[in-house]
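Peer 1: kindly generate the corresponding structure for this input.
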Amino acid sequence: MDPTDRKLLGLLAEDATLSYKEMGERLHLSAPAVHERVKKLKKSGAIRATVARLDGEAVGRPLSAFIHIDTEGWGKTPELMAVADDSRVEEIHAVAGDTCMVLKVRCESTRALEDILHRLYAIKGVIRTQSYIVLNTYLERGPGV
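Peer 2: Numbering: from 1, shown residues only. Below you'll find the model as predicted:
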């Protein structure tokens, strides 16, 4: 990956709706050259997806929370990973430290959060959860390049 690829990734991370022509103008490349670089970056796995970042409040899910999950033994089980089917679960992480797994969820209300917690406690091996409700988000971005 060269410096131009890194600049291209920065542009895409900032605004993935830019056309190849617009990116080319900023990078001093032709639109076809930008297109080829994007194809290469996708093939290499550097670009996993091109998605829209949604506003939770605008789509009816104003409550964000991080749920720490403690389990018996190793945290990742097929039953626990099945929570990925719930569209309110945005991220699932295995972590080192005081807990086994961390979920990032976005839901409609505290009642909906409670529903997620009930579902977690129904999973064999889950022994404890601790929830952290997000009051405000000051920075949200992907990996830097």
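Peer 1: of all residues in this protein, which one is nearest the centre?
Peer 2: In the chain, the residue lying closest to the centroid (C-alpha atoms, centre = their mean) is E91, at 5.4 Å.
Peer 1: what about it, which SS state?
Peer 2: At E91 the chain is in strand, as set by DSSP: H, G, I helix; E, B strand; the rest coil.
Peer 1: contacting residues for it?
Peer 2: Each residue near E91 by C-beta atoms under 8 Å, 6 or more residues apart in numbering is listed here: V102, L103, K104. Backbone N, C-alpha and C define where each C-beta goes, glycine included.
Peer 1: what is it paired to in the beta sheet?
Peer 2: Legend: beta-bridge partners of E91 under DSSP bridges are K104.
Peer 1: for it, report the pLDDT, please.
Peer 2: If you check E91, the pLDDT there is 96.
Peer 1: next one: G97
Peer 2: Reading off the model, G97 has pLDDT 91.
Peer 1: for the chain, which segments count as helices?
Peer 2: 3-14, 20-27, 31-44, 78-81, 110-121 (DSSP state H).
Peer 1: next, the buried residues of the fourth one.
Peer 2: Neighbour-count burial for helix 78-81, counted by 16 or more other C-beta atoms under 10 Å, picks out L80.
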